[in-house]
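Colleague: kindly generate the corresponding structure for this input.
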Amino acid sequence: MYQINENVTQYAIHKQKVGYSEFWAPIREGKLGELFVGKSVPIRNDRSVRKDIRNIGVELYITNQRCCIRLHFKDADRRKEIMTLFPESDYTWEYRDSPKAVKVIFPVLNKGKNDRDDWDEIREKLVGMGTDIFNKIRESGDDVF
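Modeller: Residues are numbered from 1 along each chain as shown. As a prediction, this is how the structure comes out:
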C-alpha cells in the first residue's frame, strides 16, 4: 500500500515539473479559433501543434528564429495532387524531403520563440495561414483525389 501512494505522489510531482508551453496556450485554448484547440503542449515538445485531414498533417511549427506551416504526406504522389491547390503565384512554399518524410514548408515569418514581444503576431499569422491551408484541403473534397 505504501508503494502505491508513493508512486502516485511521485507522478503528481513529476506532472508539476513537466510544465506547459506558454506560446501554444492561447491557440490550444481556442482564443484564435477552434481548429487547433486541444491539450496543453508540454514544454519538452513545444515546437509544434498538428491537425490531420485526409492523411495529411497540417503542422504549425516554430523555432527560436522563424515559424512556418509544414504539411506532412505519406508519399510524393499524394503531395503532387494536393499541391495543385497552392499555386506558386499565390503561395510561397518549398519541398523538404528526407528518406523518412515527404513535406512541404510554407514560410510564415522570420520571427520565432526568441521574439517574445511578437508572440501575438506570430500566433495570429500561424493560425491564419494554417487554417487557410487546412480549409483549402478540406474544401477540395474529391476534386484532387
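Colleague: need the pLDDT of residue 100.
Modeller: We have a pLDDT of 89 for residue 100.
Colleague: now swap in residue 9 and tell me
Modeller: As predicted, residue 9 sits at a pLDDT of 47.
Colleague: begin at 57 from here
Modeller: Yep, numbering from 57; the last one is residue 65 now.
Colleague: who's in contact with residue 120?
Modeller: 168, 169, 170 (CB atoms under 8 Å, 6 or more residues apart in numbering). (Glycine included, C-beta is placed from N, CA and C.)
Colleague: where does pLDDT dip in the chain?
Modeller: 57-74, 198-201 (pLDDT under 70).
Colleague: mind naming the longest helix for it?
Modeller: In terms of residue count, the longest helix belonging to the chain (DSSP state H) is helix 175-195.
Colleague: mind exporting it as CSV, just the C-alpha atoms?
Modeller: Output in CSV follows, covering the C-alpha atoms of helix 175-195 (Å, rounded to 0.1, in the frame of the first residue of the first chain):
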residue,chain,number,x,y,z
TRP,A,175,4.3,36.2,-30.0
ASP,A,176,0.7,37.6,-30.5
GLU,A,177,1.6,38.4,-34.2
ILE,A,178,3.3,35.1,-34.7
ARG,A,179,0.3,33.1,-33.3
GLU,A,180,-2.1,35.1,-35.5
LYS,A,181,-0.1,34.5,-38.6
LEU,A,182,0.5,30.8,-37.9
VAL,A,183,-3.2,30.1,-37.1
GLY,A,184,-4.4,32.2,-40.0
MET,A,185,-2.2,30.5,-42.6
GLY,A,186,-2.7,27.1,-41.1
THR,A,187,-6.4,27.5,-41.1
ASP,A,188,-6.4,28.7,-44.7
ILE,A,189,-4.3,25.7,-45.8
PHE,A,190,-6.4,23.2,-43.8
ASN,A,191,-9.7,24.6,-45.3
LYS,A,192,-8.4,24.5,-48.9
ILE,A,193,-7.6,20.8,-48.4
ARG,A,194,-11.0,20.2,-46.7
GLU,A,195,-13.0,22.1,-49.3
